[in-house]
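Participant: A structural model of the following input is requested.
(2 chains)
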There are 2 protein chains.
Amino acid sequence: MNIVVLKFGGTSVADVPQIKKISYKIKSEVDEGNKVIVVVSAMSGVTNNLIELVNNTSELAPYSEYDVVLSSGEQVTAALLTIALNNLNIKGRSWLGWQVPIITENTYGKAVIEEIKTLNILESFKNNEVAIISGFQGISSENRITTLGRGGSDTSAVAIAAAFSAERCDIYTDVDGVYTTDPRIVKSAKKLESITYEEMLELASQGAKVLQTRSVALGMKYGVNLRVLSSFEDLPGTHILKEGSYMEKSEISGIAHSLNEAKVTLSGVPDKPGQAAQIFSALADLSINVDMIVQSSSINEGSTDITFTIPETDLKLAERTIKKTQEKIGFKKFISETNVVKISVVGNAMRTQSGVAKTMFETLAKNQINIHVISTSEIKISVLISSDYYELAMRSLHSAFGLDA
Amino acid sequence: MNIVVLKFGGTSVADVPQIKKISYKIKSEVDEGNKVIVVVSAMSGVTNNLIELVNNTSELAPYSEYDVVLSSGEQVTAALLTIALNNLNIKGRSWLGWQVPIITENTYGKAVIEEIKTLNILESFKNNEVAIISGFQGISSENRITTLGRGGSDTSAVAIAAAFSAERCDIYTDVDGVYTTDPRIVKSAKKLESITYEEMLELASQGAKVLQTRSVALGMKYGVNLRVLSSFEDLPGTHILKEGSYMEKSEISGIAHSLNEAKVTLSGVPDKPGQAAQIFSALADLSINVDMIVQSSSINEGSTDITFTIPETDLKLAERTIKKTQEKIGFKKFISETNVVKISVVGNAMRTQSGVAKTMFETLAKNQINIHVISTSEIKISVLISSDYYELAMRSLHSAFGLDA
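Facilitator: Residues are numbered from 1 along each chain as shown, chains lettered A, B, ... in the order given. Model (predicted):
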C-alpha cells in the first residue's frame, strides 16, 4: 500500500477557489493509485484573526481555551477540502485531531505529539477514502483539544507520514523550495535542489521559515522522505535528504536570518556555580526558548555578565520572571535590546572545511557591521547584529560564500 | 445543588465587548451560589459566513462535513466566553458537543439528541467550575460532529436543562420576551408576561422566531422552567409555563406569521387509498417538513387535489422528488407558489371560547384578503394568504382580538 502525505499551508488553501484548485492535485494522486492523506492548515489570515479575538478578550487567556479557538481554523479547512473532493467524485472524510486521534501531551498552546493511532484511517482506506486531517491539533489525555504551536501543521504532516510509514511527504507551500537565503532580501538567492536534514534544521530554526523546525527534526528522526513544493507552480521543489545520500557535497547551503529576537544581558551576576542554572530553569519553566547564550569572563572580581537571546514576544514575560528572582540570583542590571537580528551561515561544509568563520567575520568587518554575540554549532555559525545592517550582511555573506554564482 | 442554565444567542455574543458584558451576568449567577451551565451560539454573522463558504465550495456538500464547518462557530464562542470569565477570576472551561458528550442520532445537518451524559460536568462542578457548552452541536455514534439544525442552540440549552434537572433555563436573546405579534410589523404589539408551552409552541412554529420550535416542545415534555430575556436590557422577560399554572387565562395570546412558505398543489390525484401516504412519505424521507395539508373533495369523478405547504427552501428538492414518482402517484399537475404567508391566531382561548374562527375570517374578509388554505389545531387557527397582505392581516387581527389595548 503506497501511502502519500500531502500537506497544504495557509496560502495554499487561502480561499474557496484555491481549495478547489488543490482538490485537483489530490485527485491526480488518487488516480495514480495512491492511498492519500492530506494535512491542511487554516485558510490564510484565519489564525491571525482568531488570535486577535483571544487577545481582545483577555491578555492572559488560558492556553487550553486558546487551543479550542485556534483549532477551529484547520477544522473548517479540512471539511471544505473534503467537500471540494466530493465534488470531483472522490470519496473522503475530514478527520479532526481528536478523531484520528493524534494524542499529545497536556501542554496546551505548544503540545508535543505522543502517538498517532493509525487504525481508524487505515480502516477508512479499505473504503477507498482520502483522509483529510486538520493539521496543528491533537487531543490531550484530559480529552481536550491541544495545538502544536505556530506552524504546527508541518509537524502534523511529518508525524503522520512517520506513523503511516508513508512513501513520501510533500509539503505544499507558497514558496517553490528552499533557497540559499531569503529571495526578498537577496535577489541572487537560488533554489536548492536538495539539502540535508541537518542543514534544513539550521536554516529552519534560523528563520528560513519554509518548514517548522520541529517538523524537520521529526522528519530527520524517522527518515521521512520529505519534499517542499509550490502549490502555485508545477516545479520540482527541494528534496530534503538524509546525510548519507549526500556525501559529496561540501558547500555552504545558505544564509538564514531571524528577525524577532531580543537580546538580554544580566550584568553583575555573582560568579559562582548554579547561577546560570537558576536563570535558565526559570525561563524553561515558562517554555521560553533561549537561543544564543554567552557568558563573558569576570571583569569585576567575583561577578560576570550573562547575555542570551529569546523570542521578542517572550521578552516581557522573561523580564517579569527574572526580576522576581533578582535577589536570589543577585544580578545588578537587566538590560534588553530588541533592535537585533540573528544571521547564520549554514552548511555541511563546516564539518570539513576550515575558514568559514574567518570568511564570515571578515565579510562583516569589511562592511563595518558590529557583532554583538556569536554562537556556533557543527554546521552553523550565527551572529547577532544590529537590525539596521541585516540586509547588507545577508547580501555580502551570500556573495562571499559563492552562492550568487 | 441549584443548577441554572443560561443560553446566549448570536447577537448576545456578537463581538468581544458583548462577550465580556455577558461574562458579568454569569458572574452574578455564580456569586449567588448557583452551579452555572452556559450554552452559547456562534457570534452573529459567523454561521452565515460558514454556510456561504460551504455553498461556494459545492452545492451538494455532504451534511457530515457541513456540520464540521458549522460547529466551529459555537466552538470559538464557548472558548472566548471561558477566557472572559477567567478574566473575572471565575473558574470555568469550554465543553464541545463531543466532550460533554451530547449524543445524537447520525442524521447530520439536523440531528436529534439521544442522550446527554452529565457525569463529566457534574465532576467539574466539584471544582467550582462554570461549564460553557457550545450549543447547536453533538456527536454521533460514528464519532463525528453533528449539528442540530438552524437555531439548535435553544434546543441544546433546554435539553441540557432537562438532563441536569436545572432549576431554570434562561434564554438570553435580542428581544426582551415573547410579544403578542411581531413588533416590527404591528406597532401596538405587547410583551407577554407569561405564556403556556402550548401557546409558545404554536407561536414559535408559526414564525415568532423567539425560540426554536424543538426547544419549546422539549421544554414542555420535560417541564423545564423556561424564561426568555433580553441580554441588552435588564427586564423581566417572558415566563413560559406549564398549562396547569395558568388556568384562569382564556385569551388569544398572539398573532404569528411565517414568511418562508411554499404552497404546492398536486391536481388530479387518483382518489384511492394510499396516494397521500406515497406523497408524504417521499417528502418525509428527505426530512422535508410538511405543514398545512388540505385535500379537497373530488371535483372530477375519481380524482382529487392535494394542497400542502413546505419551507420555501425545500421546494426544489420536493418538486424533483415528487415529479420522479408522478407515474406511480398518477397526479396530473404540480403547481407551486411561493408568494404566500401563513398567519396564525394562537391562544388557549380557543379551547373554551367559540367565535375565534368567526372573528378571524370576518376580519380578513372585511379587508378583502383572500384565504388560500386553512388549518386548525386545539389552540391555533392558521390561514395561508398572499404575501401582499400579510402586514395588513396581522395589524387588523391584532386589533380585532383586542391585543392593541
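
Participant: who touches stretch A:176-192?
Facilitator: Stretch A:176-192 has contacts (CB atoms under 8 Å, 6 or more residues apart in numbering or on different chains) with A:195, A:200, A:203, A:208, A:210, A:228-230, A:232-233, A:235-238, A:240, A:253-257, A:390-391, A:394-395, A:398-399, A:403-404. Quick note: C-beta positions are derived from backbone N, CA and C, even for glycine.

Participant: For stretch A:101-115, buried residues please.
Facilitator: Across stretch A:101-115, burial judged by 16 or more other CB atoms under 10 Å in any protein chain shown covers A:101, A:102, A:103, A:104, A:108, A:109, A:110, A:111, A:113.

Participant: Identify those among the contacts of stretch A:176-192 that sit within helices.
Facilitator: Among these, the ones falling in helices (DSSP state H) are A:200, A:203, A:390, A:391, A:394, A:395, A:398, A:399.

Participant: And for the second one, the neighbour number?
Facilitator: Right, the one you point to is residue A:203. 29 (other CB atoms under 10 Å in any protein chain shown).

Participant: who are the neighbours in contact with residue A:76?
Facilitator: Residues in contact with residue A:76 (CB under 8 Å, 6+ apart) are A:42, A:43, A:46, B:50, B:53, B:68, B:69, B:72.

Participant: Can you select the buried ones from the residues you listed in PyMOL?
Facilitator: Per 16+ other CB under 10 Å, the buried members of those correspond to this PyMOL selection:
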select buried, (chain A and resi 42+43+46) or (chain B and resi 50+53+68+69+72)
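
Participant: In TSV: the contacts of residue A:76, plus distance to residue B:185, pLDDT and secondary structure.
Facilitator: TSV is the format used below for these (distance: CB to CB, whole Å; pLDDT from 0 to 100; DSSP: H, G, I helix; E, B strand; the rest coil):
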residue	distance to residue B:185	pLDDT	secondary structure
A:42	42	97	coil
A:43	40	97	coil
A:46	39	96	helix
B:50	30	96	helix
B:53	33	97	helix
B:68	38	98	helix
B:69	34	98	helix
B:72	35	98	helix
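
Participant: Can you give the distance of the host helix or strand of residue A:133 from its chain's centre?
Facilitator: Secondary structure assigned from DSSP states H and E places residue A:133 in strand A:130-134. Computed by CA atoms, centre = their mean, to the nearest Å, the chain-centroid distance of strand A:130-134 equals 22 Å.

Participant: Could you do stretch A:124-142 as well?
Facilitator: 22 Å.

Participant: which of the residues in that stretch are buried?
Facilitator: So for stretch A:124-142, counting by 16+ other CB under 10 Å, buried means A:124-125, A:129-140.

Participant: So which of those reach chain B?
Facilitator: Among the buried residues of stretch A:124-142, proximity to chain B is found for none (CB under 8 Å from any CB of the partner chain).

Participant: can I get those residues in TSV with pLDDT?
Facilitator: Below are the buried residues of stretch A:124-142 laid out as TSV (pLDDT from 0 to 100):
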residue	pLDDT
A:124	97
A:125	97
A:129	98
A:130	98
A:131	98
A:132	98
A:133	98
A:134	98
A:135	97
A:136	97
A:137	97
A:138	98
A:139	98
A:140	97
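
Participant: ok, back up a step: what element comes up after the strand holding residue A:133 heading to the C-terminus?
Facilitator: As assigned by DSSP H and E, the chain's next helix or strand after strand A:130-134 is strand A:137-139.

Participant: Contacts for that following strand next, please.
Facilitator: When contacts are defined by CB under 8 Å, 6+ apart, strand A:137-139 is touched by residues A:67, A:71, A:74-75, A:96-98, A:101-104, A:111, A:113, A:145-148, A:152, A:156.

Participant: Which members of those residues are positioned in helices?
Facilitator: Per DSSP H, those map to helices at A:67, A:71, A:74, A:75, A:152, A:156.

Participant: I figured the third one was touching residue A:153, is that so?
Facilitator: Put plainly, it is residue A:74. Yes: using CB atoms under 8 Å, residue A:74 is in contact with residue A:153, at 6.9 Å.

Participant: Between the two, which contacts overlap?
Facilitator: By CB under 8 Å, 6+ apart, the residues touching both residue A:74 and residue A:153 are A:40, A:41, A:135, A:136.

Participant: what stretches of the stretch 101-250 of chain A score poorly on pLDDT?
Facilitator: Applying pLDDT under 70 to the stretch 101-250 of chain A flags the ranges A:205-208, A:243-250.

Participant: Repeat the analysis, applying 90 as the threshold.
Facilitator: Along the stretch 101-250 of chain A, the model assigns pLDDT under 90 to residues A:110, A:149-151, A:174-185, A:190-191, A:194-214, A:216-217, A:231-236, A:241-250.

Participant: how about the residues of it near chain B?
Facilitator: Contact residues, the stretch 101-250 of chain A versus chain B (CB under 8 Å from any CB): A:143, A:144, A:145.

Participant: From the residues you listed, keep the buried residues only.
Facilitator: For these, buried by 16+ other CB under 10 Å: A:144, A:145.

Participant: Of the residues of the stretch 101-250 of chain A next to chain B, just say which sits nearest to chain B.
Facilitator: Of all these, chain B sits closest to residue A:143, with 6.2 Å by CB to the nearest CB.

Participant: residue contacts, that closest one?
Facilitator: So residue A:143 contacts A:98, B:99 (CB under 8 Å, 6+ apart).

Participant: Tell me the secondary structure of it, please.
Facilitator: Assigned by DSSP: H, G, I helix; E, B strand; the rest coil, the conformation of residue A:143 is coil.

Participant: Only alpha carbons, please: show stretch A:12-24 as CSV.
Facilitator: Provided in CSV are the C-alpha atoms of stretch A:12-24 (Å, rounded to 0.1, in the frame of the first residue of the first chain):
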residue,chain,number,x,y,z
SER,A,12,-2.4,27.0,-0.5
VAL,A,13,-5.9,26.9,1.0
ALA,A,14,-6.4,30.7,1.2
ASP,A,15,-9.9,30.7,-0.2
VAL,A,16,-12.5,28.5,-1.9
PRO,A,17,-11.0,28.8,-5.5
GLN,A,18,-7.6,27.8,-4.1
ILE,A,19,-9.2,24.9,-2.2
LYS,A,20,-10.9,23.7,-5.4
LYS,A,21,-7.6,24.0,-7.2
ILE,A,22,-5.7,21.8,-4.8
SER,A,23,-8.5,19.2,-4.9
TYR,A,24,-7.4,18.5,-8.5
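
Participant: buried sites along it?
Facilitator: A:12, A:13, A:14, A:16, A:18, A:19, A:20, A:21, A:22, A:23.

Participant: What residues does the second one make contact with?
Facilitator: If you count contacts by CB under 8 Å, 6+ apart, residue A:13 has them with A:19, A:22, A:40, A:41, A:42, A:43, A:44, A:77, A:80, A:81.

Participant: Hey, what's the angle from the one helix or strand the last one maps to to strand A:130-134? Just curious.
Facilitator: When secondary structure is defined using DSSP H and E, the element that contains residue A:81 is helix A:63-87. Here helix A:63-87 runs at 150 degrees with respect to strand A:130-134, directions being taken by axes from the mean of the first three to the mean of the last three CA atoms, to 10 degrees.

Participant: So the most far-flung residue of chain A relative to its centre, which state does it fall into?
Facilitator: No residue in chain A sits farther from the centre than residue A:301, which is 41.4 Å out by CA atoms, centre = their mean. Under three-state DSSP, residue A:301 falls in the coil class.

Participant: roughly how far apart are it and chain B?
Facilitator: For residue A:301, the distance to chain B equals 49 Å [CB to the nearest CB, to the nearest Å].

Participant: just to revisit the earlier point, list just the nearest of the ones in helices among the contacts of strand A:137-139 to chain B.
Facilitator: Of all these, residue A:75 has the smallest distance to chain B: 5.1 Å, by CB to the nearest CB.

Participant: Can you select the buried ones from the contacts of stretch A:176-192 in ChimeraX?
Facilitator: One line in ChimeraX is enough to select the buried ones among the contacts of stretch A:176-192; burial here means 16+ other CB under 10 Å:
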select /A:195,200,203,208,210,228,229,230,237,238,240,253,254,255,256,257,390,394,395,398,403
